[in-house]
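**Student:** pasting the structure only:
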């Protein structure tokens, strides 16, 4: 977790501590609200990871989500099965 994210982590509540949230960002105008949403989830203790569609990247840059979440953003699913790595094996 990056320093600036640690500063806001669980500052509003601890309701989401221990929860990992995958924020899937589509290519709609709602993408512009995702930075704010990610930061709010972190303030409640969540670990947030962003996955962005190609069209979402035309609306908001992946760097914005990387800054917001403190985590690298998945911008494409390749043969490395990034989506499985994010959620873990059960």
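**Tutor:** Yep, that arrived. Here the structure is a predicted model, which is why all the values come from computation and not from measurement.

**Student:** gap between residue 6 and residue 71?
**Tutor:** When distance is defined by Cβ to Cβ, to the nearest Å, residue 6 is 13 Å away from residue 71. Glycine gets a C-beta too; all of them are placed from N, C-alpha and C.

**Student:** neighbours of the closest residue to residue 62 other than its chain neighbours, just the number please.
**Tutor:** In space, residue 62 comes closest to residue 73 once its chain neighbours are excluded; the distance is 4.3 Å by Cβ to Cβ, 6 or more residues apart in numbering. Using other Cβ atoms under 10 Å, residue 73 has 21 other residues around it.

**Student:** Tell me how many other residues surround residue 19.
**Tutor:** Around residue 19 there are 12 residues (other Cβ under 10 Å).

**Student:** Just list the residues touching the closest residue to it other than its chain neighbours, thanks.
**Tutor:** Distance criterion Cβ to Cβ, 6+ apart; nearest residue to residue 19, sequence neighbours excluded, is residue 46 at 5.0 Å. Contact analysis of residue 46 by Cβ atoms under 8 Å, 6 or more residues apart in numbering lists 16-17, 19-21.
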